[in-house]
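Enquirer: Next comes the sequence, and after it the predicted model I'd like to discuss.
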Amino acid sequence: MLSGHAGEILGGFTTTLLLTACAFPLALVLGCVVAICRISPVRPLRIAGRLYVDLVRNSPLLLIAVLLIFGLPDAGVLIPLFWCLVLALGVYFAAYVCETIRSGIRAVDRGQVEAARAIGLPFRRVVLDVLLPQAFRAMVQPLGTILINVALGSALGAAVGVDELTLETRSFNLETAEPILAFAVAACGYLVINLAVSGVVRLVERKVRVLR
Amino acid sequence: MPAPLPRRTALRAGLFAAGAVPLLASCSGGTTRTAGNPAYATLDQADAVARGPVGVDLPETPTLRRIRGQGVLRQSGSVTTPGFGMMNPATGKITGFDIGIAQLLAKYLLGTPEVDTITGGADTREAILQNQSVDVAVCTYTISKSRARLVSFAGPYYVARSGIVVGADGPQVTAVRDLAGKDVAVQPGAAQEALQKACPQARAVVFEESSQCAAAVRQGRVQAWSANTAILLGKAAVDARLRMTLATYGSSPFGIGLPKDDPAFKQIVVGFLQRITADGSWRRLWEQTVGPLVSGPAPEPPRPGSVPGS
């Protein structure tokens, strides 16, 4: 029974992967920009960054997706459903990325920066050689969690016409009336993605580990 | 005693509110737009339910004993299908043909139309019937052989036909085969199934809400929207930017889904359907729910047991 629908379910799995692969880098870039705003010495930028995080983090992802999908065309912009969902995921998780980066930087002891300055390092080297390497170590795990959440969040595509894993699973179930089998297969699909992400996160963590 | 909204219904109401966003957004467009068929707001099956029959001398069965013990009929239903099960977010009341059938059944079994609606959608109907999370499923539930392996069906109690709506300046569609290669908006469940069966070459784009399907057609995201004719006529009649085509196709026999392990209970429900079709309750319910949305007189009710799987 599964073999007859393997093609569709595999196609859905690929779409889920593509959604994740497109949305996470977008969230990273956008999140970095917002984080820079939030820790910059310029007050209006700080306020804008905080507004972004507060607004986006307090809206359900579905609301943002529906707004982009049905709001943008009324503004004259008709982009395909797939990219609408990528945009929604990117915009939404950027808020979380921003907070992760910010807390990572805050986690670096103030004395480190002060010491670097005291030995006369220029600003660029203070940031690149002292601050960021240490901050990144604290960000690896939470960024991995965000990546997993992007993959899981992409399941909302099922409600808004993007034929990713969950939607294909629902269609399979509609035809065969095998809900337990269908959703168990979908769960395995997400599990594969998440185990792969955890594996990569563990590798990166080992790479940036410092023996104290 | 109105049963409190179960959590899942509240969740769906939230999703439903999210679906209202495009409507709000589109209000700022400047052109005159309507929020939907005013008939939706005034549908009310209370009178038909109040005049429905109460069963007498029903045989004891495990399911019936459980329902009577609860004092309420737990059903898997929809709150997003206009004409069949649609929740009015302002009042929290669900109106439509399906919820009316469920209330009539509750009245037949319990004496009072106490119904607790759980909205699992089309995904979980078999599972929650099997694990007894609900007693019955009345939710545009198309009778099919693959489902009849898992659950019992009493019915059909309604035979739906699918129609096709296009944008005002959309493509010419005279038959379902014209949809081949086109993007077609559908809601998950009966409509998606009927489309896939009648025209597998059409690309189904699944939206949760009927208002989202309508918006997708208006905005040119899809070329057509296919659904039950009652839903389409209700929307297309009041929106100048949608055009109802003459093409109709398929026939989806809707049945009441029941647990497989209680054949005696199925006989009670079949008896209930025969009773309401004979005494005019069925026709009255149709006239108060689907009737105002479509044109023409009430159809002949289908005969229970007349399709494979029932």
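Expert: The structure has been received and is ready for your questions. Residues are numbered from 1 along each chain as shown, chains lettered A, B, ... in the order given.

Enquirer: Quick check: beta-bridge partners of B:S152?
Expert: Note on B:S152: beta-bridge partners B:L258, judged by DSSP bridges.

Enquirer: Could you count how many residues lie near B:T119?
Expert: Neighbour count of B:T119, defined by other CB atoms under 10 Å in any protein chain shown: 24. In short, each C-beta sits where N, CA and C put it, glycine included.

Enquirer: Revised request: answer the last question for A:G7.
Expert: 10.

Enquirer: Which element, helix or strand, includes the closest residue to chain B within chain A?
Expert: Using CB to the nearest CB, the single residue of chain A nearest to chain B is A:F70, 3.3 Å away. Using DSSP states H and E, A:F70 sits in helix A:61-71.

Enquirer: which helices and strands sit right next to the helix or strand following that helix?
Expert: Later in the chain than helix A:61-71, the nearest helix or strand by DSSP H and E is helix A:81-107. On a contact count with 3 or more CB pairs under 8 Å, 6 or more residues apart in numbering or on different chains; DSSP states H and E, helix A:81-107 meets helix A:2-39, helix A:43-57, helix A:61-71, helix A:132-153.

Enquirer: Reformat those as TSV; add mean pLDDT.
Expert: Compiled in TSV, the helices and strands packed on helix A:81-107 are given as follows (pLDDT from 0 to 100):
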stretch	mean pLDDT
helix A:2-39	91
helix A:43-57	95
helix A:61-71	92
helix A:132-153	92
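
Enquirer: Let me know which of those helices is the nearest to B:Q201.
Expert: helix A:2-39 (14.8 Å; CB to CB).

Enquirer: buried ones in that closest one?
Expert: Buried residues in helix A:2-39, counted by 16 or more other CB atoms under 10 Å in any protein chain shown: A:5, A:8-9, A:12-13, A:15-17, A:19-20, A:22-24, A:26-28, A:30-31, A:34-35, A:37-38.

Enquirer: any residue of it up close to chain B?
Expert: No: Helix A:2-39 lies out of reach of chain B by CB under 8 Å from any CB of the partner chain, never closer than 11.2 Å.

Enquirer: now that helix and helix A:132-153, what's the angle there?
Expert: 140 degrees (axes from the mean of the first three to the mean of the last three CA atoms, to 10 degrees).

Enquirer: chain center to helix A:2-39, what's the gap?
Expert: 8 Å (CA atoms, centre = their mean, to the nearest Å).

Enquirer: those strands in the stretch 101-250 of chain B, which residues are they?
Expert: Under the criterion DSSP state E, counting those that start in this stretch, the stretch 101-250 of chain B carries strands at the ranges B:115-118, B:136-137, B:152-167, B:183-186, B:203-206, B:224-228, B:242-258.

Enquirer: Adding mean pLDDT, write the ones you listed out as a markdown table.
Expert: Formatted as a markdown table, the strands of the stretch 101-250 of chain B follow (pLDDT from 0 to 100):
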| stretch | mean pLDDT |
| --- | --- |
| strand B:115-118 | 90 |
| strand B:136-137 | 92 |
| strand B:152-167 | 90 |
| strand B:183-186 | 93 |
| strand B:203-206 | 92 |
| strand B:224-228 | 91 |
| strand B:242-258 | 89 |
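
Enquirer: just those strands: most buried one?
Expert: Across the strands of the stretch 101-250 of chain B, averaging neighbours per residue (mean count of other CB atoms under 10 Å in any protein chain shown) puts strand B:224-228 on top, at a mean of 30.

Enquirer: hmm, who's touching that one?
Expert: B:81, B:83-84, B:140, B:160-166, B:170-171, B:173, B:179, B:182-187, B:190-191, B:194-195, B:210, B:213-214, B:216-217, B:232, B:242, B:252 (CB atoms under 8 Å, 6 or more residues apart in numbering or on different chains).

Enquirer: Can you list the strands that it pairs with?
Expert: Strand pairing (DSSP bridges) places strand B:224-228 next to strand B:152-167 (antiparallel), strand B:183-186 (parallel).

Enquirer: Tell me how far the residue of chain A closest to chain B lies from A:L78.
Expert: Computed as CB to CB, to the nearest Å, the A:F70 to A:L78 distance reads 11 Å.

Enquirer: and stretch A:49-60, does that touch chain B?
Expert: Yes: remark: stretch A:49-60 sits within contact range of chain B at A:P60, by CB under 8 Å from any CB.

Enquirer: Convert the C-alpha atoms of that stretch to PDB, please.
Expert: Coordinates of each C-alpha in stretch A:49-60 appear next as PDB, following Å, rounded to 0.1, in the frame of the first residue of the first chain:
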ATOM      1  CA  GLY A  49      15.200  45.600  16.500                       C
ATOM      2  CA  ARG A  50      13.200  45.200  19.700                       C
ATOM      3  CA  LEU A  51       9.900  46.000  18.000                       C
ATOM      4  CA  TYR A  52      10.600  43.400  15.300                       C
ATOM      5  CA  VAL A  53      11.400  40.600  17.900                       C
ATOM      6  CA  ASP A  54       8.400  41.500  20.100                       C
ATOM      7  CA  LEU A  55       6.000  41.700  17.200                       C
ATOM      8  CA  VAL A  56       7.000  38.600  15.300                       C
ATOM      9  CA  ARG A  57       7.600  36.400  18.400                       C
ATOM     10  CA  ASN A  58       4.100  37.200  19.600                       C
ATOM     11  CA  SER A  59       2.300  36.100  16.400                       C
ATOM     12  CA  PRO A  60       1.600  32.500  15.600                       C
END
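
Enquirer: Could you verify my assumption that B:S146 touches A:T176?
Expert: Yes: between B:S146 and A:T176 there is a contact under CB atoms under 8 Å: 5.8 Å.

Enquirer: okay, the two: which has more neighbours?
Expert: Set B:S146 next to A:T176 and count neighbours by other CB under 10 Å: A:T176 wins out with 18 against 14.

Enquirer: Was I right to think that one contacts B:R147?
Expert: No: at 9.2 Å, A:T176 does not count as touching B:R147 under the criterion of CB under 8 Å.

Enquirer: is it possible to export the strands paired with strand B:224-228 to a markdown table including distance to A:L203?
Expert: Conversion of the strands paired with strand B:224-228 to a markdown table gives the following (distance: least, CB to CB, whole Å):
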| stretch | distance to A:L203 |
| --- | --- |
| strand B:152-167 | 51 |
| strand B:183-186 | 41 |
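
Enquirer: what's the angle from the helix or strand hosting B:D98 to strand B:152-167?
Expert: Secondary structure assigned from DSSP H and E places B:D98 in helix B:97-110. If you take the same axes, to 10 degrees, helix B:97-110 sits at 160 degrees to strand B:152-167.

Enquirer: Return the residues in contact with B:V270.
Expert: Taking CB under 8 Å, 6+ apart, one finds B:154, B:304-305 in contact with B:V270.
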